[in-house]
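> Below: sequence and its predicted model.
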Amino acid sequence: MSGGVHASDPVSAAVARAFRDERAIVLATLIRQAGDFQLAEDALQDAFEAAVTAWRRDGVPANPGAWITTAARRRAIDRLRRDRSVADRAERLAELTRLEAQDEEELPMDDESSIVDDRLRLIFTCCHPALDMSARVALTLRTLGGMTTGEIARAFLVAEPTMGKRIVRAKRKIADAHIPYRVPADDELPDRLRGVLRVVYLIFNEGYAATEGDQLVRGELCEEAIRRGELLCRLMPDDAEVWGLSALMLLHDARRAARVDPSGRYVALDEQDRSLWDRGRIGEGLARLERAVRLRRPGEYQLQAAITALQIQAPDADATDWAQIAELFGALVRLNPSPVIELNRAVAVGLADGHAAGLALLEPLLGDSTLEHYQPLHAAHAELLSRVGNAAGAARAYERAIALSSNAVERAELVRRLSALR
């Protein structure tokens with residue numbers, strides 16, 4: 001359904017708008033009603049294809065979502081009637097036929113609590129811990145985001161058939177393992193929600209700093225993650241970490257336009273043209289962070305957002321309060337011990353208390369096997385070594401970082417720094 005829609009064709013534009021605004025809502029409801037991911041997705045695709053012809057003939061309906069819901073349910077009934085291999089075919093047909101007889105056309109769009117429950121069910125199922133992380137990410141982008149398999153494959157730089165198999169395996173595992181289509185119980189919810197937030201942030205990070213390829217930023221992934229964050233804010237408005245993650249992504253993404261120059265060269269934070277930062281997005285991010293803090297349940301995403309807010313609110317790079325940022329990284333380490341956070345803290349300490357102090361914290365991390373192939377560790381090591389005057393050590397660290405870089409923009413910047421050092 002993506003692409004190919006022109007403003008001069010109001011019917012195609014209406015179908016595209018319904019796909020964007022209603023698809024996830026209808027799919028979430030249909031999965032509950034049909035009891036099958038693939039059946040629901042196929043029936044929904046049939047319904048959108050039918051809408052193009054029907055709406056051109058009869059006009060765009062007053063409630064496009066309700067029309068799509070009814071059409072998709074009827075297509076699901078047709079598919080079940082044809083497919084005699086489905087084990088519980090009779091039960092599914094009976095339930096869908098019962099719903100059809102009730103004529104629920106208006107219900108899915110008007111019953112807000114039902115919509116919330118169905119969308120939460122879909123989110124938690126896509127991000128179920130029984131699925132491996134790559135499957136969770138792919139399924140979330142496919143079912144909740146409506147991205148095509150080809151779009152997801154291109155964003156993650158894998159072959160489309162490979163990504164297609166990954167998505168099919170994830171759906172099959174949900175069916176074969178009888179993963180329940182439900183919102184977790186209260187005692188499970190905190191851990192499961194952390195898993196959901198991790199998936200969303202992973203999608204954002206891959207968009208914000210692509211691990212491979214010739215682009216630093218993959219904007220479609222940033223936008224998709226931000227949309228998922230906004231959806232979670234609407235569905236779970238009393239969770240502080242949901243607001244914290246949304247704030248963090250918005251504040252990071254506000255700097256997107258300044259992160260490479262017109263020639264495509266990497267631009268470090270302290271060299272960025274701050275007039276290119278998106279002030280509207282910054283304001284929204286700060287408002288979301290404030291809402292998170294008011295809920296008085298601190299968490300790692302709120303702390304990260306507070307760190308980013310300090311960087312972004314400084315009038316210029318020299319005015320950045322690195323001492324407070326280092327303190328916040330210390331709090332983050334205590335809350336969520338991680339060598340990556342220790343690395344970030346070391347860099348902040350180096351900027352607050354001197355490069356030698358940062359090196360003293362960073363160098364023990366070089367012996368951590370989990371960071372052996374982590375490019376930012378070696379890049380940060382090189383930068384600190386160069387600033388304390390150890391050019392030979394910095395050169396070796398830059399060479400290590402370059403060898404570990406799969407992103408062409410980042411690699412070119414490291415090569416440039418190494419050349420300047422020499």
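Nice, I can see it. All figures in this text were calculated on a predicted structure; none of them were measured in a lab. Residues are numbered from 1 along each chain as shown.
> got any ranges where the stretch 1-150 of the chain has weak pLDDT?
1-8, 83-114 (pLDDT under 70).
> Helices of that one, residue ranges please.
10-34, 37-58, 64-82, 89-102, 107-110, 112-126, 133-139, 149-155 (DSSP state H, counting those that start in this stretch).
> and the last one, C-alpha only, in PDB?
Read it as helix 149-155. What follows is helix 149-155, C-alpha atoms only, in PDB (Å, rounded to 0.1, in the frame of the first residue of the first chain):
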ATOM      1  CA  THR A 149       8.800  -6.600   4.000                       C
ATOM      2  CA  GLY A 150      10.900  -4.900   1.300                       C
ATOM      3  CA  GLU A 151      11.000  -1.600   3.200                       C
ATOM      4  CA  ILE A 152      12.100  -3.400   6.500                       C
ATOM      5  CA  ALA A 153      14.700  -5.400   4.600                       C
ATOM      6  CA  ARG A 154      16.200  -2.300   3.000                       C
ATOM      7  CA  ALA A 155      16.200  -0.400   6.400                       C
END
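> In whichever helix or strand comes after it, which residues are buried?
For helix 149-155, the following helix or strand on the C-terminal side (DSSP states H and E) is helix 160-176. Under the neighbour-count criterion of 16 or more other CB atoms under 10 Å, helix 160-176 has 163-164, 166-167, 169-171, 173-174 buried. In short, each C-beta sits where N, CA and C put it, glycine included.
> dump the residue contacts of residue 312.
251, 254-255, 277, 282 (CB atoms under 8 Å, 6 or more residues apart in numbering).
> okay, those in CSV with neighbour count, pLDDT and distance to residue 410 next?
Formatted as CSV, the contacts of residue 312 follow (neighbours: other CB atoms under 10 Å; pLDDT from 0 to 100; distance: CB to CB, whole Å):
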residue, neighbour count, pLDDT, distance to residue 410
251, 27, 98, 21
254, 22, 97, 20
255, 21, 96, 16
277, 16, 97, 21
282, 19, 98, 24
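> Put together TSV for those, with distance to residue 219 and secondary structure on each row.
Putting the contacts of residue 312 into TSV (distance: CB to CB, whole Å; DSSP: H, G, I helix; E, B strand; the rest coil) gives the following:
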residue	distance to residue 219	secondary structure
251	16	helix
254	13	coil
255	13	coil
277	15	coil
282	17	helix
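> Closest to residue 411 out of those residues?
residue 255 (20.9 Å; CB to CB).
> Against residue 234, how distant is residue 119?
9 Å (CB to CB, to the nearest Å).
> neighbour-wise, which of those two wins?
Applying other CB atoms under 10 Å to residue 119 and residue 234 shows that residue 119 carries more neighbours, namely 21 against 10.
> Identify the residue spatially nearest to that one, adjacent ones excluded.
residue 28 (4.9 Å; CB to CB, 6 or more residues apart in numbering).
> correct me, but that neighbour touches residue 116?
No - the pair residue 28 / residue 116 is not scored as a contact, 9.7 Å apart, by CB atoms under 8 Å.
> quick one on the thing from earlier: which of the contacts of residue 312 lies closest to residue 185?
Using CB to CB, the contacts of residue 312 come closest to residue 185 at residue 251, 33.1 Å.
> residues in contact with the closest one?
281-282, 285-286, 289, 305, 308-309, 312.
> please redo it, this time with the cut-off set to 7 Å
Residue 251 makes contact with 282, 285, 305, 308-309, 312, according to CB atoms under 7 Å, 6 or more residues apart in numbering.
> Would you mind listing the two of those that lie farthest apart?
Taking CB to CB, no two of those sit farther apart than 282 and 305, at 11.6 Å.
> Show me where the stretch 201-350 of the chain dips below the pLDDT cut-off.
Using pLDDT under 70, the stretch 201-350 of the chain has no residue that qualifies.
> Residue 266 pairs with what?
Beta-bridge pairing for residue 266 (DSSP bridges): residue 260.
> Correct me if wrong: it contacts residue 216.
Yes - with contact defined as CB atoms under 7 Å, residue 266 and residue 216 form a contacting pair (6.3 Å).
> So these two - more neighbours on which side?
Neighbour count, other CB under 10 Å: between residue 266 and residue 216, residue 216 has more, with 21 against 18.
> Which helix or which strand is home to that one?
Going by DSSP H and E, residue 216 is not in any helix or strand.
> Please name the nearest non-neighbouring residue to it.
According to CB to CB, 6+ apart, the nearest residue to residue 216 is residue 409 (4.1 Å).
> three-state assignment of the one you found?
For residue 409, the reduced secondary structure class is helix; criterion used: DSSP: H, G, I helix; E, B strand; the rest coil.
> Could I get the contacting residues of it?
215-216, 260, 264, 266.
> Greatest separation within these: which pair is it?
Farthest apart among the contacts of residue 409 - using CB to CB - are 215 and 266, which lie 11.3 Å from each other.
> next one: stretch 354-365 to chain centre, how far?
Stretch 354-365 has its C-alpha centroid displaced from the chain centroid by 32 Å (CA atoms, centre = their mean, to the nearest Å).
> could you give me the average pLDDT of that stretch?
When pLDDT is averaged over stretch 354-365, the result is 97.
> And for that stretch, what's in contact with it?
339, 342-343, 345-347, 349-350, 371, 377, 380-381, 384, 387-388.
> change it to 10 Å
322, 326, 339-340, 342-343, 345-353, 371, 374, 377, 380-381, 383-390, 393 (CB atoms under 10 Å, 6 or more residues apart in numbering).
> Write the PyMOL selection for whichever of those are buried.
The buried residues among those can be selected in PyMOL (16+ other CB under 10 Å) with this line:
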select buried, resi 322+326+339+342+343+345+346+347+348+349+350+351+352+371+374+377+380+381+383+384+385+386+387+393
